[in-house]
Structure formats: structure tokens, C-alpha cells
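Chemist: Pasting a predicted model and its sequence here:
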2 protein chains.
Amino acid sequence: MNRESETESTIAIMGFTQSDSLNKESMNIQTPYLLYLADAKEILSLKVAKSIVDWRPELCVGEIALPDCAVTLGVPQLTLAEAKQRGAKTLVVGMNNSGGTIAANWIPTILEALECGYDIASGLHQRLTNIAEVRAAADRNNCQLIDVRHTDAELKTGTGLRRTGKRLLTVGTDCSVGKMYTALAIEKEMRARGIDADFVATGQCGIFISGKGMAVDCVVADFISGAVEQMAPDNDANHWDIIEGQGSLFHPSFAGVTLGLLHGAQPDALVLCHVENRSYMRGMKAHKLPSLRDTMEMNLQSARLTSPDAQFVGISVNTVDLSSSDSQAVLEKYAAEFQLPCVDPLRTGVVSVVDRIAELWPRA
Amino acid sequence: MNRESETESTIAIMGFTQSDSLNKESMNIQTPYLLYLADAKEILSLKVAKSIVDWRPELCVGEIALPDCAVTLGVPQLTLAEAKQRGAKTLVVGMNNSGGTIAANWIPTILEALECGYDIASGLHQRLTNIAEVRAAADRNNCQLIDVRHTDAELKTGTGLRRTGKRLLTVGTDCSVGKMYTALAIEKEMRARGIDADFVATGQCGIFISGKGMAVDCVVADFISGAVEQMAPDNDANHWDIIEGQGSLFHPSFAGVTLGLLHGAQPDALVLCHVENRSYMRGMKAHKLPSLRDTMEMNLQSARLTSPDAQFVGISVNTVDLSSSDSQAVLEKYAAEFQLPCVDPLRTGVVSVVDRIAELWPRA
């Protein structure tokens, strides 16, 4: 293909018609939210809704469910009208089913919400905008349909050019090891210390939590690094973008996304995320989890292409399956082995990691 | 995001409506071709058309151009009617302009071709199907519009599971170093020896040459490795898929595509492609070309995730800028340094590389 033209000019993604770039916040979700649990049978399928409640409870007016829903997120159970009275602007389809589709029995609630004037936001593969009756109801009521797994932003291919400001990226031995959680915890601790820091969402849960961002695994492959360059652009010298990582360089399904994200992020600082007591890559019974050392080496080697001084500033381990004393032993073991602060954000917080960052990059 | 669901089930790419997978050859371009040079001013902008003439002259009935076109590909210059009489089925938009768009002054010829019953195929970013008058004319005349940079195939995420049959992938120090050319030369040499080999196209030029394939840099990022797994599936033990590589693991714009392609290809054999006398990465003045050794190490390390015994079987160097004696000296230098067959396909052919393959994998 004609690479010359791609590296030197803006490419409008074909089939995408909107020209606002993400920096103009084209994906801007109105808050607060009413969370739609549909017919969820277990908390695991509500990952999206649960992470919004965990990280931004102030954005959640309440939840609404179908009669056969078996779970609750512990927020007020409201009707569409009640939530509207309390200020809710957007109904968030907060459930994931295995096919990534919007089930037929979920649609009546969505249509009713549109008649009440709600925007609808979904993180599923299937687009709300592709369901004719939903689209018609949205048009009729002048409501927005927001498919966060799809971007209408005009993207450019990555340039690899150095940018101003500081960037931290969470990387992992595997998928689903706490990269988003760790990034959010670091943003929170930095802000508590008065450090100018912004979480940068690269996946659906993160986008709902921050109200903006782009799902990098959903952009056209040529634009992975370019999309991340756009999401974390030039900034003040002391500003930190805390970028949510995705996948793993060792995951046979998603490593391409991970590498493009790493190159586009151009991280000054890396935090390694890991989950203890998992033997095989998520969903991949033929692939063992890589060692922490191999993961760090591969990430450093790759990161240095666009950020020559990239370094690890901490390790974040999900030790949820361990006893308190076993957890402590694991964290101490890795801290000693790698000479890095080692935390479980849920158990210990991330103070020692942010201490290390403050030590390495003292503010002017 | 919910990785569990993605690794275990088929995901229809949203917005894509056709359900035929590539294995059913949904992107099947009718041949022979009439090549449309439009208003090209230099051969460089005709990369697509020129590579079809180079590799499949028997598929090219002739060329057609606008009056201000300044170049020719040396095939018969024909009118639409003349080419039709000689059997041409598809008008190939063979020119690349810098924006990847279809210029307004190209459209009258396209419309006229549709009235004559031609299918139209384009490798540009902008979709033919997004131009209303072109679409209407195609519908009216019952002709196909084929945008080879877009796939309507239903894709799955990669599994990383071992497949039967043999695979070779060309990888590079940079973009545009001869990965497609080398793969085609190897396919040709293998077939001449009676080895069961198929070129697998992963970019637009390759797709026109082979009449099928998928542009991997145009699929949604989550599906890069999965798309390649689908294009080079289980096969006979002695069958070789010769897969065209893309980009470079060291290119800050496209490395994500390259890594996903490498993992999906699951190569038994790798051929390193390089161009002599280029200092910087294509379009990237801040990034020097990596060394051949670093490129080989990084590719081997990454390839082994899905193909533990992957190995290099040769080096292919584009020495077009060197004198004959300098070219020979360069090839001998690399051959000695890496103890591998080292060729310039245009100057020496690829016999020694295929000798090495035949030696390593003797047929039963």
C-alpha cells in the first residue's frame, strides 16, 4: 500500500462521516447516568455498570432492570420517570452478553427511555444506531445514541514524534489484570496531591467513567498508535496523562492493539499490572502467562521506539484470591526482586508508586 | 472490555452487513482487468496498476487514461468498448493520490464503464460505494463495486491455536522494502518446482494480483491476528501459504498491524526483507532504520508466541540503488554474517531461499 500518503496526510476513515476529532470531545456522554441492568444473572456480566458505580458513584442516579434480573449494584432502584426527576440524562446499557449484541427483550425499555428524552449509551459490539426502531425513536425525540465501541473521530496514522507533557501507561501480563483500575487509582492519588493528572480512557468501561475517550481496539488497525497520539497530545510540562492499557504483548489475540497503544502512548512511566494465581492467558488454554520479567523486558524494548527513556515505576498485582498474609508476601517478593514499589491497589492503595513518580519527576 | 466473550465467540463486525467469510471468497474480483491510469503524472503513483502488470500480465487486457495522463504501463491503450470486446470484466482504479480519495474528474470514466457493464475495483481509502452517483449506476447496471481496502468478511478474534500445513511470512526492517515482491517470487519458484504453494495477499496490490485476500491494516484492530488466521487456515501437511507481510515491528505508525499479522500468520519460516541505502523509516525522519539483527531478533521473539519453532530461512535485499558489484558484495556480506541465503529477487531470483526451505522441510 501507498504508505507515503498515509504518513503525510490526514485520512478520513471511510464510512465514518463525522469530522469532529476526539479532542473536540465528539464522544461526550451527558451525565448523570441511569444504569440499565437488563436481565443480568450475575455481577460479572455487569462489568461496565459496576465499574461506573465503583469509580464515579456521583454519576449514578440509580439502576433499572427487567423483572427477571437477579442482581443489584446497590444503587437506588428507580423507574425511568423517577430517575429523570433526579436529573438522569443518559441510560447506560451496562450489561455484556457473550455475543456483544443487544437482546430483543432489552429494546422496549430502550424505546421507552427515548420517549422520556434519555440519551442511550452502549458499550456492546452491536450498534444501537443499526437498530431501525431505536434509531427512529431517537430521531423523533431528538436524543443521542452513543456506541462507545465505535468512533466517528477523524484519525491520523501515528507519527512517533516526541510530545510535551508526561505520560504513564499501565501494561499487563494478560488481559483483565487491573490496568484500568490501576490507572484510575494513580490518577486519584496524584490529584489528591495536587498533581495535574488526567485519566485517558482506551476502553468502554473507562469511557463511561471519564465521559470521553476512544476504544482503541475498535479503530481501524492502521490508526491504533495515531488514535492514542490524538488522545494524549502535547501538554504542560508537569501534566500527566494516565493512560489505560489494553491486552498484553503476549496475548495472541490482541498483542497488535497493545503494541500500537504502547507506541502511541509514548510513556515516560510504565506500571506493570499482573494477577496472581492465573496460569494461562485469558481464554487461551494453550498459552501460559508470561513471567513479570519477560513482560517488563518486552514492554521496555518496544516502548523505547517512541520513548527512549521509558522506565517502570511500579508493579500492581491483583491478589484478590490470596489471604492477607499471602498477598503481603507476594508484594514484598516482587518489590525485592524488581526493586520497584509493588502494590495491590484495592488492598494497599498506590501511594508508594506515586511517591516514586514524584521522586523521579519533581515538579518545577 | 469483556474479553471472555470475544475469545469464545464469533463477533460480527458492526456496520458490516455481509456475512460471507473470506474463505468463501467473498472478495472475488472478476478478471481480466482494464487498468485505469486516470491523470497519473508519474509511475510511482501507479504502484497498484504496475504491480498487476509486473506479476499478472495475463490478467491485464490494457490500460485507459485521461487526456492529461503523462505515463503508460506499456500495455495496449484501449477504449472501454475495445477492452470489453477483448474480454475485460473489471475496471481497476490503479492510481493512488495523496489523500486516498477518488477525484471528481475520474468519475465520468467510472460511470461510463458501469454503463458498459464493467465491475469497478479500487484500492483507495475512499469507498466507491460512498459515491451516490457511482452506486446508483452500479445498481442500475447490476455491476459490482469492490473496495479492496474494506472487508465485509465476518471476522473472529485470533485463537493462537496451532494449525496444520506450512506457512512462510515476509517481514521487514521497514515499510516498502519488497515484502510482497519477495512473497510472490517465492510462490512462483515453489510452484515451478511442483511445491503446493499459495500467495496470501494482505494488502491492496496483493489482492488485485491474486484476486482475493484482505487488507489487514483496514480491519478493526481487535481482529488483526484473527483475520490472518482465517486467510491462512488449516491445510495439507505439505502445503505452503506464502503470506505477504506489512509494515515493520519498528515502524511507529504501523507496528501494531505487523505484530498482529505475525501472531496470526504463525509462520514456520520467515524471510527478512530490507532495502539497502535507506537511513530513516519510511516517512519518519526521527526514526532510523533498525539493524537486520535487531529486526530478526524482535521478529523471532514475537513469532515464537504462536509458532515456537519459527526460524529465518533467508534474507531478501532490495539493492536497486547499487551497482551490480556493490549489490553482490552486500548480499555476500549478509549471507556470511547471518549464515542464511541472501538474495535480491529482481537480480538473483530466490532459488537459494527455496533450496533452504526444501532442505529444512523435505516433502514426504
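Modeler: Nice, thanks for sending it over.
Chemist: And the helix or strand residue A:356 falls within, what's buried?
Modeler: Residue A:356 belongs to helix A:351-360 when elements are defined using DSSP states H and E. Buried residues in helix A:351-360, counting neighbours by 16 or more other Cβ atoms under 10 Å in any protein chain shown, are found at A:352-354, A:356-357. C-betas here are computed from N, CA, C, even on glycine.
Chemist: Could you do stretch A:102-111 as well?
Modeler: Buried, per 16+ other Cβ under 10 Å, within stretch A:102-111: A:102, A:106, A:109-111.
Chemist: ok, of the residues you listed, which one's closest to chain B?
Modeler: Set against chain B, the nearest of the buried residues of stretch A:102-111 by Cβ to the nearest Cβ is residue A:102 (10.8 Å).
Chemist: what's the closest one in contact with, if anything?
Modeler: Listed by Cβ atoms under 8 Å, 6 or more residues apart in numbering or on different chains, the contact set of residue A:102 reads A:93, A:110, A:122, A:124, A:126, A:128, A:131.
Chemist: again with residue A:190
Modeler: A:197, A:240, A:242, A:354, A:357.
Chemist: Kindly reformat those as a markdown table containing pLDDT and distance to chain B.
Modeler: Putting those into a markdown table (pLDDT from 0 to 100; distance: Cβ to the nearest Cβ, whole Å) gives the following:
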| residue | pLDDT | distance to chain B |
| --- | --- | --- |
| A:197 | 98 | 23 |
| A:240 | 98 | 22 |
| A:242 | 98 | 18 |
| A:354 | 98 | 26 |
| A:357 | 98 | 25 |
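Chemist: Please list the residues of the stretch 201-350 of chain A that sit near chain B.
Modeler: A:203-205, A:215-222, A:224-226, A:246, A:249-250, A:252-261, A:263, A:282-284, A:286-287, A:298, A:301-302, A:305-306 (Cβ under 8 Å from any Cβ of the partner chain).
Chemist: Chain B versus the closest residue to residue A:70 other than its chain neighbours, what's the distance?
Modeler: Spatially, and ignoring its direct neighbours in sequence, residue A:70 is nearest to residue A:41 (4.9 Å; Cβ to Cβ, 6 or more residues apart in numbering or on different chains). Using Cβ to the nearest Cβ, to the nearest Å, residue A:41 is found at 14 Å from chain B.
Chemist: go on, residue A:168?
Modeler: 19 Å.
Chemist: residues near that residue, how many?
Modeler: 28 (other Cβ atoms under 10 Å in any protein chain shown).
Chemist: mean confidence score for the helix or strand encompassing it?
Modeler: Taking DSSP H and E as the definition, residue A:168 sits inside strand A:166-172. Mean per-residue pLDDT for strand A:166-172: 98.
Chemist: just checking, next helix/strand downstream of it?
Modeler: Note on strand A:166-172: by DSSP H and E, the next helix or strand toward the C-terminus is helix A:179-192.
Chemist: What residues sit buried inside that next one?
Modeler: Of the residues in helix A:179-192, A:179-190 count as buried by neighbour count, 16+ other Cβ under 10 Å.
Chemist: Okay, domains of chain A per the record?
Modeler: What automatic domain parsing lists as the domains of chain A is A:31-143, A:166-360.
Chemist: Nearest residue to residue A:338 in space, please, no chain neighbours.
Modeler: Nearest one to residue A:338, counting by Cβ to Cβ, 6+ apart, is residue A:315 at 6.3 Å.
Chemist: who touches the one you found in this structure?
Modeler: So residue A:315 contacts A:271-274, A:292, A:334-335, A:338, A:340-343 (Cβ under 8 Å, 6+ apart).
Chemist: Look up which helix or strand the closest residue to chain B within the stretch 101-250 of chain A falls in, please.
Modeler: Closest to chain B within the stretch 101-250 of chain A is residue A:160: 2.9 Å, counting by Cβ to the nearest Cβ. Using DSSP H and E, residue A:160 falls within no helix or strand.
Chemist: what sits against the nearest residue in space to it that is not next to it in sequence?
Modeler: In space, and not counting its chain neighbours, residue A:160 is closest to residue B:252: 2.9 Å by Cβ to Cβ, 6+ apart. Shown in contact with residue B:252 (Cβ under 8 Å, 6+ apart): A:158-160, A:225, A:263, A:305-306, B:281, B:284, B:287.
Chemist: Let me have those residues in a markdown table, adding pLDDT and neighbour count as columns.
Modeler: Output for the contacts of residue B:252, formatted as a markdown table (pLDDT from 0 to 100; neighbours: other Cβ atoms under 10 Å in any protein chain shown):
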| residue | pLDDT | neighbour count |
| --- | --- | --- |
| A:158 | 95 | 28 |
| A:159 | 94 | 20 |
| A:160 | 96 | 25 |
| A:225 | 97 | 32 |
| A:263 | 98 | 28 |
| A:305 | 97 | 22 |
| A:306 | 97 | 25 |
| B:281 | 89 | 26 |
| B:284 | 87 | 20 |
| B:287 | 90 | 20 |
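Chemist: Now render those residues as TSV, adding distance to residue B:63 and secondary structure.
Modeler: TSV is the format used below for the contacts of residue B:252 (distance: Cβ to Cβ, whole Å; DSSP: H, G, I helix; E, B strand; the rest coil):
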residue	distance to residue B:63	secondary structure
A:158	35	coil
A:159	36	coil
A:160	38	coil
A:225	37	helix
A:263	40	helix
A:305	41	coil
A:306	42	coil
B:281	33	strand
B:284	34	strand
B:287	37	strand
